[in-house]
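1. only geometry, no sequence info:
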């Protein structure tokens, strides 16, 4: 059953104040369907053209009052309550006083006259904290598991637009409890962050990777203390970290670098570095906390390696195909690859290095493990080809494969559209996988226990899916004016909320702080 609630924010303007009835080309979307973030009870979405932030629930839509400016990035904290919001505020300072009278909105201000200041605000429900001014360019956030700290940094893998003078050596340390921030210098181009914790699970420090060095930032001192670990002493040699993991006790940071078979085991307690010789340059390294082991795979090399953390001894396991992804699953690890032409998937027992091989019909795009660790779902992509036999049909279509992790069984499915995401819903006697497909206006629900499937109709093709604390799922859709569905996974009831992005048509970012007359 579907219920529709249309929240068009044009309603308050009245018939005499409707926008002129002409065509208008919009050079940016009205809402960011792919970048929505959830707290325990609501979904938050950016409205890029309006520069605003909207809170969406099954009961309605609320625009969060952040004051003048444009929301550029949002992220949800692990506490399930806080949305960290980056807001740009604009001030125009024309040299000509007569020109100042002409400036009414952002588009009227010349680039040379525009001053941009960035603030970070904490949004909890409808409440907004006092903004914290930050200097620097940041496009990524890493959160500590206890929800107290966040590190803002510049991730070059996400695409970067740099303007003016930019500090490429700093991070912003955010205390989300006390609502304070601090700029900390850690090294050139910091781009990966992990946290260490005390025995009570409270964040103690942040391990930040940058080019040629690693910084351990003490989060509990004022100002934050920084210990540097150089990855090379030769200024003519460059060491670019590619992977990082922490041992379960938080003592060692394990660092791989581009083009090197050396693994740096940095002792954060005793401030020393051990170097472990590997089979090559790892494509991925992951730590399994249950087995207290690190698993490494090498992409083009058909081996995997397992390293223990007492003496850093390494066991090598031969594979039929090279893997480039590792998914730990509590004492075991799934080895797989998203490279073209790779069909193998392995389950590796980390206690005895016993290997189980599965064969996928097509290469995987993503792998999703059920919360019970009983099943995994691989979304696969087509490989092309022609013909009428079974292999040719699989090659020509996207698919999904259900892997039963309790035995050697796998079950392939053909999908109508490329799989975009998977979410899991567990009932008393059921375990459902909910699958989104590109360009397909239904949700595929598959009961992994009963092996029964159902199509749940959607109003528009989906973009992303996630879960709320009460067990309902949210789904964003490819709909220009905004559309979010809230799904009860047990009953299949869907509540749709739409039209909330329309305010961007009549209310673009036009708020510039008052200029002097």
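-> That came through fine. All values derive from a computational prediction rather than experimental measurement.

2. can you give me the end-to-end span of stretch 188-206?
-> End-to-end span of stretch 188-206 (C-alpha to C-alpha, to the nearest Å): 16 Å.

3. next, the buried residues of it.
-> By 16 or more other C-beta atoms under 10 Å, the buried positions in stretch 188-206 come out as 189-197, 203-206. For glycine as for every other residue, the C-beta is placed from the backbone atoms N, C-alpha and C.

4. again with stretch 449-468
-> Neighbour-count burial for stretch 449-468 flags 456, 458, 459, 460, 461, 462, 463, 464, 465, 467, 468 (criterion: 16+ other C-beta under 10 Å).

5. tell me the two of the buried residues of stretch 188-206 that are most distant?
-> Spatial extent of those (C-beta to C-beta) is set by the pair 189 and 197 at 26.2 Å.

6. residue 223: how many residues sit nearby?
-> Neighbour count of residue 223, defined by other C-beta atoms under 10 Å: 10.

7. sorry, back to before: just send the buried residues of stretch 188-206 back as JSON lines, with secondary structure, distance to residue 149 and pLDDT too.
-> Listed next are the buried residues of stretch 188-206 as JSON lines, based on DSSP: H, G, I helix; E, B strand; the rest coil; distance: C-beta to C-beta, whole Å; pLDDT from 0 to 100:
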{"residue": "189", "secondary structure": "coil", "distance to residue 149": "21", "pLDDT": "85"}
{"residue": "190", "secondary structure": "coil", "distance to residue 149": "15", "pLDDT": "88"}
{"residue": "191", "secondary structure": "coil", "distance to residue 149": "18", "pLDDT": "83"}
{"residue": "192", "secondary structure": "strand", "distance to residue 149": "16", "pLDDT": "91"}
{"residue": "193", "secondary structure": "strand", "distance to residue 149": "10", "pLDDT": "96"}
{"residue": "194", "secondary structure": "strand", "distance to residue 149": "12", "pLDDT": "96"}
{"residue": "195", "secondary structure": "strand", "distance to residue 149": "7", "pLDDT": "97"}
{"residue": "196", "secondary structure": "strand", "distance to residue 149": "11", "pLDDT": "97"}
{"residue": "197", "secondary structure": "strand", "distance to residue 149": "11", "pLDDT": "97"}
{"residue": "203", "secondary structure": "strand", "distance to residue 149": "5", "pLDDT": "97"}
{"residue": "204", "secondary structure": "strand", "distance to residue 149": "10", "pLDDT": "97"}
{"residue": "205", "secondary structure": "strand", "distance to residue 149": "10", "pLDDT": "98"}
{"residue": "206", "secondary structure": "strand", "distance to residue 149": "7", "pLDDT": "97"}
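
8. and which of those residues is nearest residue 261?
-> Proximity of those to residue 261 was ranked by C-beta to C-beta; the top entry is residue 192 with 19.8 Å.

9. for residue 265, list the residues it contacts.
-> Applying C-beta atoms under 8 Å, 6 or more residues apart in numbering to residue 265 gives the contacts 252, 253, 254, 273, 274, 275, 276, 312.

10. residue 381: which of these is nearest?
-> After measuring the contacts of residue 265 against residue 381 - C-beta to C-beta - the closest member comes out as residue 254, at 31.2 Å.

11. show me what that closest one is bridged to.
-> Here residue 254 sits in beta bridges with residue 245, residue 265, going by DSSP bridges.

12. spit out the contact partners of it.
-> 243, 244, 245, 246, 247, 263, 264, 265, 266, 285, 287, 294.

13. just the buried subset of those residues, please.
-> Neighbour-count burial (16+ other C-beta under 10 Å) applied to the contacts of residue 254 gives 243, 244, 245, 246, 247, 263, 264, 265, 266, 285, 287, 294.

14. kindly indicate which of the contacts of residue 265 lies nearest residue 405.
-> Out of the contacts of residue 265, the member with the shortest distance to residue 405 (by C-beta to C-beta) is residue 254, at 25.9 Å.

15. can I get the buried ones among the contacts of residue 254 in TSV with pLDDT and distance to residue 414?
-> What follows is the buried ones among the contacts of residue 254, written out as TSV (pLDDT from 0 to 100; distance: C-beta to C-beta, whole Å):
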residue	pLDDT	distance to residue 414
243	92	35
244	95	38
245	97	36
246	97	40
247	97	42
263	97	41
264	97	45
265	97	45
266	97	47
285	97	34
287	98	36
294	98	37
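
16. tell me where the stretch 151-300 of the chain has strands.
-> Here the stretch 151-300 of the chain has its strands, by DSSP state E, counting those that start in this stretch, at 170-175, 180-185, 192-197, 203-210, 213-218, 225-230, 241-246, 252-257, 262-267, 272-277, 284-288, 293-298.

17. list the helices and strands the first one packs on?
-> With contacts defined as 3 or more C-beta pairs under 8 Å, 6 or more residues apart in numbering; DSSP states H and E, the packing partners of strand 170-175 are strand 149-153, strand 180-185.

18. the last one now?
-> For strand 293-298, the helices and strands in contact under the criterion 3+ C-beta pairs under 8 Å, 6+ apart are strand 284-288, strand 301-308, strand 325-328, strand 332-336.

19. that strand versus strand 284-288: what angle between them?
-> Here the directions of strand 293-298 and strand 284-288 differ by 160 degrees (axes from the mean of the first three to the mean of the last three C-alpha atoms, to 10 degrees).

20. what pairs with strand 293-298, parallel or antiparallel?
-> Short version: by DSSP bridges, strand 293-298 pairs with strand 284-288 (antiparallel), strand 301-308 (antiparallel).

21. looking at the ones you listed, which one is packed in the most?
-> Highest mean neighbour count of the strands paired with strand 293-298: strand 284-288, a mean of 21 (counted as mean count of other C-beta atoms under 10 Å).
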